[in-house]
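> give me a model of this one.
(2 chains)
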There are 2 protein chains.
Amino acid sequence: MKQKATNITWHEGNIKKTDRERLNGQRGVCLWFTGLSGSGKSVIANQVQNLLFEKGHRTYVLDGDNIRFGLNKDLGFSPQDRTENIRRIGEVAKLFVDAGMVTGTAFISPYREDRDTVRQLMPEGDFLEVYVKCDLEVCEQRDPKGLYKKARAGEIPNFTGISAPYEAPENPELVVDTSVQDDITKNAQIVIDFLEEKGYLEAPEAAE
Amino acid sequence: MKQKATNITWHEGNIKKTDRERLNGQRGVCLWFTGLSGSGKSVIANQVQNLLFEKGHRTYVLDGDNIRFGLNKDLGFSPQDRTENIRRIGEVAKLFVDAGMVTGTAFISPYREDRDTVRQLMPEGDFLEVYVKCDLEVCEQRDPKGLYKKARAGEIPNFTGISAPYEAPENPELVVDTSVQDDITKNAQIVIDFLEEKGYLEAPEAAE
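Numbering: from 1, shown residues only, chains lettered A, B, ... in the order given. Predicted coordinates for the structure are as follows:
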């Protein structure tokens, strides 16, 4: 801690994303799962993680369980709060990606503009939008948390698909249609196959 | 994605902190560096990371560079904003710790109450407060970013140590006094020795 110049040198010598990627044998990447409540985002994201973990990959999933009661506990479901919710999640995902992790996020994230804002945060190729497609009727029939029932009864305002809009992705990197195929592992495998095919599960080439 | 019960089973089967810790051969832990501007928090945190990385450990550092221009770019330096700044950083650090990473945070974090709030977020032993102690005079002499000069000239309001308070930790897990010892690597080694001695750099025992 002698001089300003020393200081700068140290910062230049710090660990970078590609260093971590080489240590982890994979690319840091964000799998941004988006879709209606009950579409299966969280279970697929977690199963992707389970399968990758078994192969020794470093992964993390951000979802309602660890975000809504923590970082974003001050936010509700108004349009402004939803936008801020997604902004913060995007910023945190960016940090995990920078840390060299395969990072899943599982949030409805209903607004196209908000998802595009997150995409812009990251270098090209670091953000992969995974549209977990599912008919509203199927989601409502599953209703794993009884939320659709409450929303229909007017007990939950601004509920996506019922009383608030969902804007489907126009050019997602990947679509997983869970109305057609509801096997969790097969759906997770679609995501993993994509990652493998695109080289995300290998360390990057050494830099110049 | 068949039944609510299936859903619950999957969530129970998800990867946990101890699984990641075993994969990484270390404990997930937060090293919360606190101290005046110019005390050396960020360089020490980064040097700890550099040295651990060389040994194959998984680490990440949250600091002004990746937080103030990202997640917390909407926050200023009023007492309320400082508190929210630290709250969010604490929540993000908690996620990185849960991901099994040795997680450094390098922020002035001047209020004792705010740091204690972060401590409470995490299970006992996951939060280690590292007081980077340094006389104000020494920090002001170093002034690596020219901030003290500006603060003295009245150009920066609410500047910690000059026009805003710094509440030193009362019971930090570790003190690194950079007025006495200004060698970055030696100071980083103090932190690493502590981690080693306390078993943070080994995988936890297998659960029951």
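
> list the buried residues in the top helix by length along chain A.
Counting by DSSP state H, the longest helix found in chain A is helix A:79-98. For helix A:79-98, the neighbour count (16 or more other Cβ atoms under 10 Å in any protein chain shown) marks A:82-98 as buried. All C-beta atoms are positioned from the backbone trio N, CA, C, and that covers glycine.

> does chain B have contacts with that helix?
Yes: counting by Cβ under 8 Å from any Cβ of the partner chain, chain B has neighbours in helix A:79-98: A:88, A:91-92, A:94-96, A:98.

> so what does that helix touch, helix or strand wise?
On a contact count with 3 or more Cβ pairs under 8 Å, 6 or more residues apart in numbering or on different chains; DSSP states H and E, helix A:79-98 meets helix A:17-24, strand A:29-34, strand A:59-63, strand A:102-106, helix A:112-121, strand B:59-63, helix B:79-98.

> for B:Thr34, find the nearest of these.
Between B:Thr34 and these, the tightest spacing by Cβ to Cβ is seen for helix B:79-98, at 9.6 Å.

> contacts for that closest one, please.
For helix B:79-98, the surrounding residues in contact (Cβ atoms under 8 Å, 6 or more residues apart in numbering or on different chains) are A:60, A:62, A:66, A:70-71, A:88, A:92, A:95-96, A:99, B:17, B:20, B:28-30, B:32, B:60, B:62, B:67, B:71-72, B:75, B:103, B:105, B:107, B:109-111, B:114-115, B:117-118, B:121-122, B:126, B:158.

> give me the buried subset of the residues you listed.
The neighbour-count test (16+ other Cβ under 10 Å) marks A:60, A:62, A:66, A:70-71, A:88, A:92, A:95-96, A:99, B:17, B:20, B:28-30, B:32, B:60, B:62, B:67, B:71-72, B:75, B:103, B:105, B:107, B:109-111, B:114-115, B:118, B:121-122, B:126, B:158 as buried among the contacts of helix B:79-98.

> thinking again about what came up before, nearest to A:Gly199, out of the helices and strands packed on helix A:79-98?
It's strand A:29-34; of these, that one is closest to A:Gly199 (Cβ to Cβ) at 10.2 Å.

> just want the angle from the closest one to helix A:112-121.
180 degrees (axes from the mean of the first three to the mean of the last three Cα atoms, to 10 degrees).

> below-threshold pLDDT in chain A: ranges please.
Residue ranges of chain A with pLDDT under 70: A:1-13, A:206-208.

> what's the nearest residue to the spatially most central residue of it if we skip its chain neighbours?
Nearest residue to the geometric centre of chain A (Cα atoms, centre = their mean): A:Thr105, 2.2 Å. Spatial nearest neighbour of A:Thr105, excluding adjacent residues (Cβ to Cβ, 6 or more residues apart in numbering or on different chains): A:Leu62 at 4.7 Å.

> that's all I had, so thanks and see you.
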